[in-house]
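[1] Predicted model and sequence below, questions to follow.
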Amino acid sequence: MDKLFPYAEAHVKQYLETQWETAEVKEAAAALRKLSLEDEENKVDGVVKIPAEDASKEDQIEGLVNNVKWLMGADRKVAPLKTLQGLIWKQGYDNGDIKGHVYDDVLAALEQWHSVEGQKVYIYSSGSVQAQKLLFGQSLAGDLLKYIDGHFDTAVGAKQEAASYTKIVEQIACKPEEVLFLTDILKEAEAARSARLLTALLSREGNAPLPDDVTDSYPVLQSFAQLTPSNKRKPEQEDEPLKPAKVPKTDPEVAEKPAAEEASAKTDVEKTEKMEVEEEEKTKTEETKTEDKAPVTVETIVEEITDTKEPIDAPMIDAEPIVTEDKTEAEKIVEKEPVKMEEEVKVETAKSEPAKNGTAEPTEVEETSTPTVITEIEEVTDKQPIDEVGEIIEDLEPIVEEPQSVEAEMADLQNVGEVLEKECDEILSKVQDVTNLDSIAVKPMLNSIAEENNMETENLDTNELVDRILDTEQEMKMERDIENSNKAIDVAAEAKKSESSAAANGVKDEVKPVEAPVPEAKEKNGDETSKIGATEESKVEESSPTESKPVEEKATTESQKPEVKAEEKVTPVEKEVPAAETKEVAAVEKAEDIKVAKMNGNGTNGNTEALNGDASKQEELSARLTAENGKAVNGANGDSNGVEAKEEGKEVAEIKVKSVPAVEAPTDPIEQATEA
Ligand SMILES: CSCCC(=O)C(=O)COP(=O)(O)O
């Protein structure tokens, strides 16, 4: 370009003056005037006006020359300028004034790329298609058009717009990721990458310098030779058939702000290929599991998807990594780490057959530019980066569930404990409800009993009512006992008489004194009495009819020790009654007490026949009952001694009884309800 642009600038006035009447010049002049008016309206800085068509030829040509020089000075890539430049360059090519300039490595590269069946090379330049054909057709290296498969200019769009690249790849029937775009302009590279083309920058002598940090984002080539296949192919790969193109994933750091169409440009094929790459890399996981971010050797393969399966005997070269648009994590690491890379280029026949040598998208000739090389780059790492290893590990489903932690187990146990505790509380609550007399529907029955006994029952709950009934029953029982005692005295008197008669006959039986148990002051389980009495079926020879009587009875028996002739040998029954007596034992004691009283009553009522037959016994019994009766009366009058009563209780074990049929105790009215 360093010769073409100066040539155009130097020959523009001469060309306009000599070709002013040609249609091409009139058309070019009209287009430049229109652009000038637009720039004026847009207030483009430094715009140079072009005189109207009615102005003189000289004025018009002077204005056109100044406008073209201004546009070229601003490096405006506008079609009217490129059209006029192309006309000027054609004249120069035709008369042999100029030759298309190409760098020394271009011919070899084009020859090599073109030699591979299926490998395509296209030109996309701001220069018109005509200018492109002139340049490559009449280059310093000869006619290079035979190595070029098609041309594109700004007719498809500006080179700094991604949409232009999308249109091109569509027209050449390729996928964006199958195309490598080479340029010396950073903004063009960005636009191509946004369209998902593979992209690399070229740094050539005489070009404007690239930004210093551009190498962080793009591979920068100094020569096409860096894309030329070498003979350094790995031995193990030489006989392998060509694999389908595998495109690494996109590196988000490199793909700066992808255009919207970038995402839409993704295809299933791309995804499939990406998966293939990942799959291949995963197979190498075992090698890299123990490696962290150690330097990674990367093998770079540049190839294009083709129908041909013939392996290409391409030489290997040492080169900077050709970073593709889609990058894997491995590639990112490679770029950041000093790595040794090997690059392998494979070229094959493409499926599509776009028009050759400029027929793909014919446009007006404008300028020649750096050729666009359409390739595909693939990088395959020998080592799996730790990042991807981590992804693989994360993808693995756990085979065995992890054991529950101690804290979790403790929490579970605590929950179970709380549930059990709650259930226990509920059970206890129900039990309390059952044992609470208030919760039992017995009050009507109790009221009935209370009414029979003329008891006051107002404002009494069930429990108090039961107590009141029991107290009343106890009082009634005591009254009956006293009555029975009086009757026993009468019996004793009779026995006294019989004793005298028995003594006269010299018959004596020794009978130990019978000591009645100490009854509780208040008995609650009257029903127990009847049960026990009926079970033992015992007949007590002597008894104490009242609560206080046993105390007095003991004193009587110890001091008098009466000998009473027993009717039959009695069996001693020993009972141990602990000091802290339970209600049940107390009930037994009460039962014994009641039985004695009943026995007395029964004896009075005709059950004394046997006794009457034993004079000694009758006499002793009579004596005891006599004394006991008085004491009983006294005791009933409040002469009982609590302390003695307790001591007396200890002697219950010495009670000797004679089995007699027990009179069934009256049914306790609360028995049924209580048991319920
Ligand atoms: C290809 S011949 C004309 C070259 C030209 O006019 C030009 O502006 C080059 O621009 P490019 O887009 O090819 O860098």
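    The structure has been received and is ready for your questions.
[2] What pLDDT is listed against Val339?
    pLDDT for Val339: 27.
[3] Please identify the helix or strand for Ile50.
    In this structure, Ile50 sits in neither a helix nor a strand according to DSSP states H and E.
[4] So Ile168 lies in a helix, does it not?
    Yes. Assessed with DSSP: H, G, I helix; E, B strand; the rest coil, Ile168 lies in a helix.
[5] which strand residues sit across from the closest residue to it other than its chain neighbours in the sheet?
    Spatial nearest neighbour of Ile168, chain neighbours left out: Phe152 (5.4 Å); criterion: Cβ to Cβ, 6 or more residues apart in numbering. In short, each C-beta sits where N, CA and C put it, glycine included. Here Phe152 sits in beta bridges with Tyr124, going by DSSP bridges.
[6] Please work out how many residues are found near Phe152.
    For Phe152, the neighbour count with other Cβ atoms under 10 Å is 27.
[7] Now do Val25: how many residues are near it, please.
    Using other Cβ under 10 Å, Val25 has 19 neighbouring residues.
[8] mind listing what it touches?
    Residues near Val25 by Cβ atoms under 8 Å, 6 or more residues apart in numbering: Tyr15, Leu16, Gln19, Leu84, Leu87.
[9] how does it look with 6 Å?
    Gln19 (Cβ atoms under 6 Å, 6 or more residues apart in numbering).
[10] helix, strand or coil for it?
    Val25 falls in the helix class when you classify it by three-state DSSP.
[11] So it versus Leu32, what's the distance?
    10 Å (Cβ to Cβ, to the nearest Å).
[12] Put the alpha carbons of stretch 405-413 into CSV.
    Written as CSV, here are the backbone C-alpha positions of stretch 405-413 (Å, rounded to 0.1, in the frame of the first residue of the first chain):
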residue,chain,number,x,y,z
SER,A,405,-22.1,-36.2,61.2
VAL,A,406,-22.1,-36.7,64.9
GLU,A,407,-23.9,-33.4,65.3
ALA,A,408,-26.6,-34.5,62.9
GLU,A,409,-27.1,-37.8,64.8
MET,A,410,-27.2,-36.0,68.1
ALA,A,411,-29.9,-33.7,66.7
ASP,A,412,-31.9,-36.7,65.5
LEU,A,413,-31.6,-38.4,68.9
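[13] Could you tell me the average pLDDT over it, please?
    Averaging pLDDT along stretch 405-413 yields 78.
[14] need the helix or strand of the protein with the lowest average pLDDT.
    Lowest by mean pLDDT, DSSP states H and E among the helices and strands of the chain is strand 298-302, with a mean of 25.
[15] what's around the residue of the stretch 101-250 of the chain found nearest the ligand, how many residues?
    Closest residue of the stretch 101-250 of the chain to the ligand, Cβ to the nearest ligand atom: Gly127 (2.2 Å). For Gly127, the neighbour count with other Cβ under 10 Å is 28.
[16] Give me the pLDDT value at it.
    At Gly127, pLDDT is 94.
[17] quick one: it is in a strand?
    No. Looking at Gly127 with three-state DSSP, it is coil, so not inside a strand.
[18] how close does it get to Arg480?
    Counting by Cβ to Cβ - Gly127 and Arg480 are separated by 141 Å.
[19] near the ligand, which residues of the stretch 201-350 of the chain show up?
    Remark: no part of the stretch 201-350 of the chain is in contact with the ligand, using Cβ under 6 Å from any ligand atom.
[20] For Leu32, give me its contacts.
    Residues in contact with Leu32 (Cβ under 6 Å, 6+ apart) are Leu64, Asn67, Pro80.
[21] Can you lay out the residues you listed as a markdown table showing secondary structure?
    Putting these into a markdown table (three-state DSSP) gives the following:
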| residue | secondary structure |
| --- | --- |
| Leu64 | helix |
| Asn67 | helix |
| Pro80 | helix |
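[22] what's the closest of these to Ala162?
    Taking Cβ to Cβ as the measure, Ala162 lies nearest Pro80 of these, at 24.5 Å.
[23] Now do the contacts for that closest one.
    Residues near Pro80 by Cβ under 6 Å, 6+ apart: Ala31, Leu32, Leu35.
[24] What about the ligand: which of these touch it?
    Of the contacts of Pro80, not one also sits near the ligand (Cβ under 6 Å from any ligand atom).
[25] So which of those residues belong to helices?
    With helices taken from DSSP state H, the overlap with these comprises Ala31, Leu32, Leu35.
[26] Low-confidence ranges, the stretch 301-450 of the chain, go.
    Low-confidence segments of the stretch 301-450 of the chain (pLDDT under 70): 301-404, 431-444, 446.
[27] Could you rerun that using 80?
    301-409, 412, 416, 424, 427, 429-450 (pLDDT under 80).
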